[in-house]
Every structure is written in structure tokens, then in C-alpha cells.
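> Here is my input; please provide its structure:
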Amino acid sequence: MNETLHRWWADLQNVLNYPLIELGDSHLTLNSIAKLLVVLLLVVVVERYLRRIVRRRILARTHLEPDLQYAVSSFVGYCFIAVGFFFAFKVVHLDLSSLAVVVGGLGIGIGFGLQNIVSNFVCGLIILGERSIALGHRIEVGGVAGQVTRINLRSTMVVTNDNITIIVPNSNLISNPVTNWSYGDPKVRLRLSVGVAYGSDVEQLRRVLLEAAAENPAVLKEPAPAVRFLEFGDSSLNFELAVWTIDMAHRPDSFRSDLYFAIERKFRQNHIEVPFPQRDLHLRSGKITFEAKGGGRFEAGLQPD
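Numbers count the residues shown, from 1 in each chain. Alright, predicted model coming up:
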């Protein structure tokens, strides 16, 4: 029985240590591949805990801003992964010098087929370094607007007001214009266009618009709201209500909607008319034939203006 177990164990060892791939002076076996996978998995798990410890127990005690803390902890984690992978290859005694040809071929592949991935990787480093976009910022790029919840080296996670997560490649954030509502001073000015009928009391209109702005708690008192007369339009007198707020970085659509609701209510209370588009129709002299439902017809003459 013992001899049979020893023979099975010897056969298993022969299978596990059978050279599958030759790499210079070393070779890959099932045993070494298993060790490599275990070490790589261990490196990834430790990196996650290391990043959390660095951010929550070390950087949290400093005066660094949260977005910079995240960037530093991410950089430390990526450096740990690079060192850990190199250590994993050493554990299985791989001859890394024999990978020179493979690395050269991989470089050619990166140059042609993986250029987008490399571009996003480099752009991710630029974003983390410049800190022009950080966690919690509300951005708008390529028709996508939302709050930044995560910045990876390849992509950035943006969550919209509808709780939809959009994955934006980092290269889009570098090569395209980005509106960052939270960068620097979150205070922004919102302009609302309003048109009223000709003959309206413009001073009453100014008072009504300022009242609507003052009643909204999200509108800042300083700088004060302002009403501007824009132009004499085709069908209306066009005005603009300009207000300052910090809510554009959190709920822009709701804030704009609340103001328009308040303005419409004020208009009804003060009998201020919002006109329909109007056109003047000029008819030349001649005749128009009208046909009644019963079959009768009659003509009307037109006189020139």
C-alpha cells in the first residue's frame, strides 16, 4: 500500500514538474504556474488592503485634500503591484532576461493594437497628477454629465443624476473639452431667459423675477441676482435672470426647474403675459374663391395695403 502511494506521489510529482515552456535557463511547469498564480493573487489582495491602510490611517492624518489622498494611495498601490509581480517571477525562478524577445514583440503589439489602452493609461496618470478632475467633482464631457466616483488608470466612473454609471475612457477627459462644475470655486452663475408680451410693465417684471429668485433657498444672496433687458424680439421683450448658486454642481436640472416653476407662478399671480409667436400677414390685391360645404361658391376681392 505504501509503495503504491509512493509510486502515485512520484508520478504526480513528475507531472507537476514536467517542463512545459522553456525560458532560457529556466522552464515553466504546472507546479511553478500554480505558485505564480497564488503569489499574483496574494499581491493583488495585499495591494487592496495596503491602499486602504495608506489612505485611511496614514494620509487621513495629513492636511492633504481627499482627492490628492486618493491619487497618492493609488500610486502606492500600482507601485506595489509592479514590485509584487517582479517578485512573483523571482519566486518561480523565471529567467526574466529570456523574456526580452517576448517584451520586444509585445512592444510592437502595443504600438499597433494596444495604443488606445496605453493612451488611456498615460492619461490616467496625467489626471491623477494634475488633479483637474477629482473624486466628487461634477463634470460634463461628450454629452455625459455626472459625479466622479472613481478614477482608474484606464477609465473614470461617472454617476449621473439617474444613478447610471458611465465609464469614460481617460483619453476622452484629456483630448476633449471638459466642464468641471466643482473645480476651484463651486459657485457658478445660471442665466434664465424669459420673454414677455409687448406692453408689459418692465419694472414690475424686474420685481417679480427678483422675488422668484429671492424665495429660492439655493440662490445666493451675494453676488445678488440681476435682471437684464436683452433685446426687442420678434414677438416678445426678452429678459435674462442671472443668479448665483452652488447647486449647479449637485442638481442642475432640478435647480433650473424650480426657478422656472416659481417664475411661471409669479407671472400668473401678477397677470404678466408670455406671448405666442406672432406674424403679420400682408395680402396683395386680387380675388379669393371660397367654397361652402353645401356646394356653393363665392368670391371676395382684396384691396392692396
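> What distance do you get for the residue lying closest to residue 245 once chain neighbours are set aside to residue 225?
Computed as Cβ to Cβ, 6 or more residues apart in numbering, the closest residue to residue 245 that is not its neighbour in sequence is residue 218, at 5.2 Å. In short, each C-beta sits where N, CA and C put it, glycine included. Distance, residue 218 to residue 225, using Cβ to Cβ, to the nearest Å: 12 Å.
> Likewise for residue 54?
Using Cβ to Cβ, residue 54 is found at 46 Å from residue 225.
> Low-confidence regions, the stretch 101-250 of the chain specifically.
For the stretch 101-250 of the chain, the stretches flagged by pLDDT under 70 are 101-114, 247-250.
> And the helices in it?
115-130, 170-175, 202-214 (DSSP state H, counting those that start in this stretch).
> Quick one, which of the ones you listed gets closest to residue 251.
Of all the helices of the stretch 101-250 of the chain, helix 202-214 sits nearest to residue 251, with 16.8 Å by Cβ to Cβ.
> Who are the packing partners of that closest one?
If you count contacts as 3 or more Cβ pairs under 8 Å, 6 or more residues apart in numbering; DSSP states H and E, helix 202-214 packs onto strand 188-196, strand 226-232, strand 237-245, helix 252-269.
> want to throw those into JSON lines with mean neighbour count and distance to residue 121?
Output for the helices and strands packed on helix 202-214, formatted as JSON lines (neighbours: other Cβ atoms under 10 Å; distance: least, Cβ to Cβ, whole Å):
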{"stretch": "strand 188-196", "mean neighbour count": "16", "distance to residue 121": "32"}
{"stretch": "strand 226-232", "mean neighbour count": "13", "distance to residue 121": "46"}
{"stretch": "strand 237-245", "mean neighbour count": "20", "distance to residue 121": "37"}
{"stretch": "helix 252-269", "mean neighbour count": "15", "distance to residue 121": "32"}
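> Same list (these) but as TSV, adding distance to residue 72.
Output for the helices and strands packed on helix 202-214, formatted as TSV (distance: least, Cβ to Cβ, whole Å):
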stretch	distance to residue 72
strand 188-196	29
strand 226-232	43
strand 237-245	32
helix 252-269	31
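> Distance across stretch 134-154, terminal residue to terminal residue?
15 Å (Cα to Cα, to the nearest Å).
> Check stretch 167-182 too.
19 Å.
> The helices of the stretch 101-250 of the chain into CSV, with extra columns for mean neighbour count?
Shown next, in CSV, are the helices of the stretch 101-250 of the chain (neighbours: other Cβ atoms under 10 Å):
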stretch, mean neighbour count
helix 115-130, 16
helix 170-175, 19
helix 202-214, 18
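> Now distance to residue 263 too, for the ones you listed, in JSON lines please.
Output for the helices of the stretch 101-250 of the chain, formatted as JSON lines (distance: least, Cβ to Cβ, whole Å):
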{"stretch": "helix 115-130", "distance to residue 263": "39"}
{"stretch": "helix 170-175", "distance to residue 263": "36"}
{"stretch": "helix 202-214", "distance to residue 263": "5"}
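> for those helices, which one sits closest to residue 42?
Evaluated with Cβ to Cβ, the helices of the stretch 101-250 of the chain place helix 115-130 nearest to residue 42, the distance being 24.0 Å.
> what's the residue lying closest to residue 179 once chain neighbours are set aside in contact with, if anything?
Sequence neighbours aside, residue 140 is the residue nearest to residue 179 in space, at 4.1 Å (criterion: Cβ to Cβ, 6+ apart). Applying Cβ atoms under 8 Å, 6 or more residues apart in numbering, we find residue 140 in contact with 178-179, 181.
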